[in-house]
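Q: Sequence first, then the predicted structure, then my questions.
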Amino acid sequence: MMSRVIGVFSAKGGVGKTTTAINLASALNEFGRIVVLVDTDITSPNLGMYLGNHDIPISLHKVLKGEANIHDAVYTHHSGLHIIFGSVNPNEVDTIDYKKINDELEKLKGKYEIILIDSAPGRFEETIRDMNFITSIVVITTPELVAVTDALRTITIAKQFGKEILGVVLTRTGSHEHEMTEENISTMLNTKILACIPEDKNIPLSARASSPVVRTHPESDASVAYKKLAAKLLGSSYEKIEKRDNVFDYMVKNLGLK
Ligand code: ADP
Ligand code: MG
């Protein structure tokens, strides 16, 4: 099986990286792809917090310390998503050899079609440099000038390290007074905009339900936008994929395939 490795990156924190990683992974999973989502934010991992997995006996930290096998660190969330979590114990961080991550994640290839990486904002440059495992990246930014400026930095550095930039995802659109237009952002970054994820009150609600919004509110604006993004990354259109899935759902329901 060919594996695609996609990193979700931004120089700035709080722009919606983790939310995007969770929902993109979940949408890809819904479209039948075998996906694993990995929290590589070593100092403050928060996938567990968002998805209600607080107790992680086998964390990525344990694997990087050589105390566990990477395959045993894959948890199946109730949404069906496969996830590798980080440890929230600050004492685990000091002794980590971060560069080992490449060898460990390499072992996931062949088992998963898509390996999606949620990254840390603060350590962006080191992450991009050290994680040669990541070949393609999606850059996340809100449509504000300061965030877009940071995104430009992210893209410039990523290109210097030879990463393929799949495109930019604009998050929390429609929530600020002075938003840049999609066209201006695309021009400034010299990169295509893959998706605009609108500000959506169902996103904090889904976090409270420890689930992806594409699961808790599949028809909400943000969910549809995330599903369109997933379809685009698969080289298809949302309408086509939904149609295929509906046929599949029909068969599952009516022929008792599940
Ligand atoms: P990052 O991983 O980049 O730090 P998060 O994904 O943790 O960002 O998002 C930061 C905050 O913004 C969270 O509270 C999240 O619920 C909220 N958020 C992200 N995207 C949206 C959106 N489209 N609509 C509303 N709230 C959002
Ligand atoms: Mg995050």
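A: Thanks, I have the structure now. Ligands and ions are numbered 1, 2, ... in the order given.
Q: what sits up against stretch 13-23?
A: If you take CB atoms under 8 Å, 6 or more residues apart in numbering as the criterion, stretch 13-23 is touched by 8-10, 37, 46-47, 50-51, 81, 116-119, 121-122, 138, 140-142, 147, 169, 171-172, 197, 203, 207, 212-214, 222-223, 226. Yep, even glycine has a C-beta here, placed from its N, CA and C like the rest.
Q: V148 sits in which helix or strand?
A: Secondary-structure element containing V148, defined by DSSP states H and E: helix 145-160.
Q: Which neighbouring elements make contact with that helix?
A: If contacts are counted by 3 or more CB pairs under 8 Å, 6 or more residues apart in numbering; DSSP states H and E, helix 145-160 sits against helix 124-130, strand 136-141, strand 164-173, helix 182-189.
Q: what about whichever residue of the stretch 1-150 of the chain sits closest to ligand 2, how many neighbours?
A: Proximity of the stretch 1-150 of the chain to ligand 2 (CB to the ion) peaks at T18, 3.3 Å away. T18 is flanked by 24 other residues according to other CB atoms under 10 Å.
Q: same thing with G110?
A: Should you count by other CB under 10 Å, G110 turns out to have 10 residues around it.
Q: I22 now?
A: 30.
Q: ok but it is inside a strand, no?
A: No - secondary structure assignment places I22 outside any strand; it is helix (DSSP: H, G, I helix; E, B strand; the rest coil).
Q: all strands for this protein, in order.
A: Taking DSSP state E to define them, one finds strands in the chain at 4-9, 35-39, 74-76, 82-84, 114-118, 136-141, 164-173, 193-198.
Q: Quick check: closest non-adjacent residue to V74.
A: H82 (5.2 Å; CB to CB, 6 or more residues apart in numbering).
Q: what's across from that neighbour in the sheet?
A: Beta bridges link H82 to V36, T76, judged by DSSP bridges.
Q: Tell me how many other residues crowd it.
A: Burial of H82, expressed as a neighbour count using other CB under 10 Å, amounts to 19.
Q: how far away is it from ligand 1?
A: 19 Å (CB to the nearest ligand atom, to the nearest Å).
Q: Show the buried residues in the contacts of stretch 13-23.
A: The neighbour count (16 or more other CB atoms under 10 Å) marks 8-10, 37, 46-47, 50-51, 81, 116-119, 121, 138, 140-142, 147, 169, 171-172, 197, 203, 207, 212-214, 222-223, 226 as buried among the contacts of stretch 13-23.
Q: Ligand 2 next: which of those residues are close?
A: Residues shared between the buried ones among the contacts of stretch 13-23 and the neighbourhood of ligand 2: none [CB under 5 Å from the ion].
Q: Tell me how far the nearest residue to D221 once chain neighbours are set aside lies from A151.
A: In space, and not counting its chain neighbours, D221 is closest to P198: 4.7 Å by CB to CB, 6+ apart. Noted for P198: a distance of 18 Å to A151, by CB to CB, to the nearest Å.
Q: Ligand 1 contacts on the stretch 151-258 of the chain?
A: Near ligand 1, the residues belonging to the stretch 151-258 of the chain are T171, R172, I197, E199, D200, I203, P204, A207, A222 when assessed by CB under 6 Å from any ligand atom.
Q: Quick one: name the residues of the stretch 151-258 of the chain near ligand 2.
A: Close to ligand 2, as judged by CB under 5 Å from the ion, the stretch 151-258 of the chain has no residues.
Q: Low-confidence regions, the stretch 151-258 of the chain specifically.
A: Residue ranges of the stretch 151-258 of the chain with pLDDT under 70: 243-258.
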